[in-house]
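S.K.: Could you look at this predicted model? Sequence included:
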Amino acid sequence: MITETVFGITLYFETESTLFSPLEIDKGTLAMLSTVEISKTDKVLDLGCGYGVVGIYIAKLIGEQNVVMSDI
């Protein structure tokens, strides 16, 4: 289980060892999220989402109806 506050939003993830970075949110993802500019009218596809850090974080900003997440 990962609990982390990302830019003021607390997120909770249940992961498993077969996923990328299962013990913490990796620094590359956090760096990418720090540069993303999101508008309430955007639609986002999180392809290869893993346990969903990017998609879930963005859904908290613009609403889950505007985010599609996909992985195996």
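M.R.: Everything's here; your move.
S.K.: Next one: the closest residue to residue 16 other than its chain neighbours from residue 56, what distance?
M.R.: Using C-beta to C-beta, 6 or more residues apart in numbering and skipping the chain neighbours, the partner closest in space to residue 16 is residue 22 (6.3 Å). Any C-beta I mention is one placed from the backbone N, CA and C, and that applies to glycine too. Using C-beta to C-beta, to the nearest Å, residue 22 is found at 16 Å from residue 56.
S.K.: These two: who's more crowded?
M.R.: Remark: of residue 22 and residue 56, residue 56 carries more neighbours, 19 against 14, as counted by other C-beta atoms under 10 Å.
S.K.: quick one on the thing from earlier: quick check: the residue nearest to residue 16 is in a helix.
M.R.: No - secondary structure assignment (DSSP: H, G, I helix; E, B strand; the rest coil) places residue 22 in coil, not in a helix.
S.K.: So it versus residue 7, what's the distance?
M.R.: 22 Å.
S.K.: do residue 31 as well
M.R.: In terms of C-beta to C-beta, residue 31 sits 12 Å off from residue 7.
S.K.: for the nearest residue to residue 61 once chain neighbours are set aside, what are its contacts?
M.R.: Leaving aside its chain neighbours, residue 61 sits nearest to residue 38 (5.3 Å; criterion: C-beta to C-beta, 6+ apart). For residue 38, the contact set (C-beta atoms under 8 Å, 6 or more residues apart in numbering) comprises 44, 58, 61, 62.
S.K.: Kindly report the same for residue 9.
M.R.: Counting by C-beta under 8 Å, 6+ apart, residue 9 touches 57, 60, 61.
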